[in-house]
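> One predicted model, sequence on top.
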Protein chains: 2
Amino acid sequence: MTDDAMDLRARNKQATREAISHAALRLAIEQGPHGLALVRVHDIAEAAGVSSRTYNNYFSSREEAICGFQADQSRRAGQALRSRPADEPLDQAVIAAVIELYTDPEPDKAGLRMIMLTPALEGEALKAFSMAEGPLAEAIAARTGADPERDLSPAVTAAAVAAAIRVAGRHWLTPGTTDTFATILRHALSCVLPATPPDDPAAR
Amino acid sequence: MTDDAMDLRARNKQATREAISHAALRLAIEQGPHGLALVRVHDIAEAAGVSSRTYNNYFSSREEAICGFQADQSRRAGQALRSRPADEPLDQAVIAAVIELYTDPEPDKAGLRMIMLTPALEGEALKAFSMAEGPLAEAIAARTGADPERDLSPAVTAAAVAAAIRVAGRHWLTPGTTDTFATILRHALSCVLPATPPDDPAAR
DNA sequence: CGCACTAGGTGCGTATCACGCAAGTTGTGG
DNA sequence: CCACAACTTGCGTGATACGCACCTAGTGCG
């Protein structure tokens, strides 16, 4: 579904992007959060099997490359919500969609830890998670029938959901946490989602 | 309150920081979102009356300098909430605090527009707004009596509030918007705060 | 089946940039 | 008035991002 329906070119492009991003994250993990500066662009490109110049065609900074995977995943949030049954209440649909998206393969803790807990990556990490907001907002609006141009609630809810996912991730990485990521996600999301009142008077 | 209680050094330091940040934002606005690359570090330093090297002692990138003001303001969010009367319901207190913080001086639209709508600044802008999360979460926890280590809700709520502010800002900048920023903020925040209808029996 | 077209990859050159280092300058405390 | 600590600054350096021009591979058409 993701790599079908694309011509060879687009497929290769996506593959290269993932190769670079994957290599960047792997090298970053190897060096640890402190030696991030030691990960040279040249190394990333080499590990990914492309030239340094090509690397720069895909990402305009080390940080962006390292967080590329998260960004790609966030972009799928809208689609995940749309694939939920239409008669499901918004909050349940969002929770189910998010949990499916973020636990289908349980996230790589080392990678997440690197992305979320490295100060130098903070900006890009936030950017990566916030990439879910646009698509999510559209999907939410489509579901509630609200007009995104006039009603703030879809955008705000989407942003809140993205924020909740982020906080949940941070909590999941906290040493001593035993709960499943899914459990934590459910908790976090329930803090920001209107607790299923049959119909939401979002109009005004 | 903010510049008293600091010794001369700290005061000068803050002043320098603001001078640099202010100069950076001003120059960025002058060049517009497209010519951001034309704003050289040297220019910023010169406009702020410091050396390029000193500039780098305060900010490690042009982007960070430009968003410095927003970041500083975000840091005050926790304090703003704490200064609300203790018997005020959480949602009202948060709304009042945020509105006061973000409308005491009505934000400079040009500056906000530069910060929020320039792609190259996206990461730093998110970082700037997210700086409210930590202090806000603590203030919320202090108010609800929740233990931030065990309960996600303070952190999630804080993050959601920050996100709502961000979305509200974006909406306020949308051409054709006539509402006050305060009004928009109120709307956005009410989407993510547990609505406190006239009386709410339990705090959970 | 081969060709023109276009998107993507690569090498090179360059303008910046971030930061370590060490010396000079200005507050602070005794 | 002095010794200490914090802050500023100029210099030198390794690394980076990106424009430009050329080359390669995938695509669509006759």
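Yep, that arrived. Numbering: from 1, shown residues only, chains lettered A, B, ... in the order given.
> Break chain A into its domains for me.
As recorded under automatic domain parsing, the domains making up chain A are A:8-66, A:69-192.
> Reformat the ones you listed as JSON lines; add mean pLDDT and mean neighbour count.
(Each C-beta comes from the backbone N, C-alpha and C, glycine too.) Output for these, formatted as JSON lines (pLDDT from 0 to 100; neighbours: other CB atoms under 10 Å in any protein chain shown):
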{"stretch": "domain A:8-66", "mean pLDDT": "95", "mean neighbour count": "17"}
{"stretch": "domain A:69-192", "mean pLDDT": "96", "mean neighbour count": "20"}
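> so which of those domains comes closest to residue B:76?
In terms of CB to CB, the element of these nearest to residue B:76 is domain A:69-192, at 19.4 Å.
> Just the terminal-to-terminal distance for that closest one.
Terminal residues of domain A:69-192 lie 25 Å apart, using CA to CA, to the nearest Å.
> quick one, what contacts residue A:147?
residue A:141 (CB atoms under 8 Å, 6 or more residues apart in numbering or on different chains).
> That one and chain B, how far apart?
Distance, residue A:147 to chain B, using CB to the nearest CB, to the nearest Å: 13 Å.
> Kindly report the same for residue A:10.
Counting by CB to the nearest CB - residue A:10 and chain B are separated by 23 Å.
> Check residue A:163 too.
Residue A:163 is 4 Å from chain B, by CB to the nearest CB.
> Check the contact between that residue and residue A:191; I expect there is one.
No - applying CB atoms under 8 Å, one finds residue A:163 not in contact with residue A:191, separated by 9.9 Å.
> just to revisit the earlier point, out of the domains of chain A, flag the one nearest residue B:38.
domain A:8-66 (16.9 Å).
> does that closest one come close to DNA strand D?
Yes - Domain A:8-66 comes into contact with DNA strand D (CB under 7 Å from any atom of the strand), by way of A:8-9, A:12, A:40-42, A:52-53, A:56, A:60-62.
> for residue A:135, what are its contacts?
For residue A:135, the contact set (CB under 8 Å, 6+ apart) comprises A:75-79.
> So what touches the lengthiest helix in chain A?
For chain A, the helix reaching the highest residue count under DSSP state H is reported as helix A:8-31. Applying CB under 8 Å, 6+ apart, the contact partners of helix A:8-31 are A:3, A:6, A:36, A:38-39, A:43-45, A:47-50, A:54-55, A:58-59, A:62, A:65-66, A:68-69, A:72, A:110-111, A:114-115, A:118.
> Please narrow these to those residing in helices.
Per DSSP H, the contacts of helix A:8-31 map to helices at A:43-45, A:47-48, A:54-55, A:58, A:62, A:65-66, A:68-69, A:72, A:110-111, A:114-115.
> which residue is nearest the centroid of chain A?
What sits nearest the mean C-alpha location of chain A, by CA atoms, centre = their mean, is residue A:74, with 2.8 Å.
> Next, the contact list for that residue, please.
A:128-132, A:162.
> Distance check, it against residue A:171.
Counting by CB to CB, to the nearest Å, the gap from residue A:74 to residue A:171 is 18 Å.
> What parts of chain A come near DNA strand C?
Residues of chain A lying near DNA strand C (CB under 7 Å from any atom of the strand): A:9-10, A:12-13, A:16, A:50-54, A:57-58.
> picking that back up, the longest helix of chain A to helix A:109-117, inter-axis angle?
80 degrees (axes from the mean of the first three to the mean of the last three CA atoms, to 10 degrees).
> shared neighbours, residue A:163 and residue A:191?
Here residue A:163 and residue A:191 share the contacting residues B:156, B:160, scored by CB under 8 Å, 6+ apart.
> residues making contact with the helix or strand that contains residue A:97?
Assigned by DSSP states H and E, residue A:97 belongs to helix A:90-103. Helix A:90-103 is contacted from outside by A:73, A:76-77, A:80-81, A:83-85, A:88, A:140, A:143-144, A:161, A:165, A:180-182, A:185-186, A:189-190, A:193-196, A:200, using CB under 8 Å, 6+ apart.
> Which members of those residues are positioned in helices?
A:73, A:77, A:80-81, A:140, A:143-144, A:161, A:165, A:181-182, A:185-186, A:189-190.
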